[in-house]
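J.: got a predicted structure plus its sequence, pasted below:
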Amino acid sequence: GDWLFPTETRFGAGRISELPEILRQIGSSRPLIVTDRGLVATAIPQRLLDLTDSGFTPLLWAGADQNPTGEQVIAGAAAYHDHGADSVVALGGGSGLDCGKSVALLAGLGGDLWRFAYPRSLEVQAERSPVPIIAVPTTAGTGAEVEASGIITNTAKPVKAGIVNLSMMPRVVIADPELTLSLPPNLTAWTGMDALSHNLEALLVRQFHPMADAIGAVGVRMCHDWLPRAVENGSFAAAARQ
């Protein structure tokens with residue numbers, strides 16, 4: 001199904017095929033596909049390139065580590081400009097998504113990335129990047145596809161910083177459960193427990209919102225019912241769709 005909360009999210013098996021349509025809707029013909037060095041070893045990035053081989057000129061940039069750094073964001077922004085890109089497709093788990101969103105931010109605004117690190121970011125929220133982002137999650141856990149932020153390591157300190165700007169919110173999310181079927185059992189378990197923890201947070205946080213509580217309660221139940229089956233059999237499509 002589709003929903004807006006507030007990001008347009010298209011959920012369902014096979015919906016990655018809608019990527020070309022979405023690119024056309026946002027006026028993009030030269031997307032930069034940002035992902036991490038682990039995912040590029042799978043068939044998923046090539047699948048996106050194959051989808052955009054007609055009428056588009058995509059570039060795959062797979063320079064993100066498991067914990068992306070500021071230097072990698074700078075390199076990704078340089079690749080964006082070198083390619084003459086007009087959108088970012090952030091692909092992967094938390095690392096690929098966070099790096100992709102941060103690349104789009106820096107490519108659109110330039111300057112010092114760390115001015116967007118919280119809490120300094122509160123002073124520059126009037127800045128808005130014009131680079132549109134499409135998020136394609138490949139794990140169930142992080143929720144990074146619907147956040148206007150990303151965790152990036154500042155190696156000079158060293159510290160992990162929250163890069164925050166409202167223009168980092170993706171325009172569209174394609175949540176295709178088929179992209180999770182190739183995950184090994186340990187990653188399915190880890191990212192599934194991450195999803196469980198987010199749902200528990202929604203239930204246990206002191207602030208109350210009826211929609212958040214309802215989503216959290218259903219999410220906990222779904223993790224209970226389906227996560228063990230998905231870990232046991234990674235190709236079990238019914239579990240992935242949950």
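T.: Nice, thanks for sending it over. Numbers count the residues shown, from 1 in each chain.

J.: use CA for all of it now, contacts and neighbours both
T.: Noted.

J.: got a pLDDT number for the residue of the chain positioned farthest from its centre?
T.: The centre of the chain is farthest from one residue, R206, which by Cα atoms, centre = their mean lies 27.1 Å away. R206 carries a pLDDT value of 90.

J.: and for the one 10 residues further on?
T.: Confidence at G216, expressed as pLDDT, is 94.

J.: check contacts around it.
T.: H198, N199, L200, E201, A202, L203 (Cα atoms under 8 Å, 6 or more residues apart in numbering).

J.: tell me which entries of the residues you listed lie within helices.
T.: Residues of these located in helices (DSSP state H): H198, N199, L200, E201, A202, L203.

J.: quick one: I44 from K160, how far?
T.: Computed as Cα to Cα, to the nearest Å, the I44 to K160 distance reads 28 Å.

J.: what of A189?
T.: 24 Å.

J.: equivalent analysis for H83, please.
T.: Distance of H83 to K160, computed by Cα to Cα: 29 Å.

J.: which element is G192 on?
T.: helix 185-204 (DSSP states H and E).

J.: who does that helix touch, helix- and strand-wise?
T.: helix 210-232 (3 or more Cα pairs under 8 Å, 6 or more residues apart in numbering; DSSP states H and E).

J.: how about the helix it packs on: buried residues?
T.: D213, G216, G219, V220, C223, W226, L227, R229, A230, V231 (16 or more other Cα atoms under 10 Å).

J.: what does stretch 17-33 give?
T.: Going by neighbour count (16+ other Cα under 10 Å), the buried part of stretch 17-33 is L19, P20, I22, L23, S28, S29, R30, P31, L32, I33.

J.: what's the closest of these to P132?
T.: For the buried residues of stretch 17-33, the minimum distance to P132 (Cα to Cα) is 8.7 Å, reached by S28.

J.: for that closest one, what are phi and psi?
T.: As for S28, its main-chain torsions (degrees, to the nearest 10) stand at phi -110, psi 130.

J.: same question for A64.
T.: Backbone phi and psi, for A64 under degrees, to the nearest 10, turn out to be phi -90, psi 140.

J.: for the residue nearest to it when sequence neighbours are not counted, give its distance to A75.
T.: Excluding the flanking residues, the one nearest A64 by Cα to Cα, 6 or more residues apart in numbering is D36, at 4.3 Å. With distances taken as Cα to Cα, D36 is found 13 Å from A75.

J.: mind listing what the closest residue to A189 other than its chain neighbours touches?
T.: In this structure, A189 finds its nearest non-sequential neighbour in V231, 5.9 Å apart by Cα to Cα, 6+ apart. When contacts are counted by Cα under 8 Å, 6+ apart, V231 is found next to P185, N186, T188, A189.

J.: same question for L51.
T.: S17, L19, P20.

J.: among the buried residues of helix 210-232, which two are most distant?
T.: With Cα to Cα as the measure, no two of these lie farther apart than D213 and V231, at 26.0 Å.
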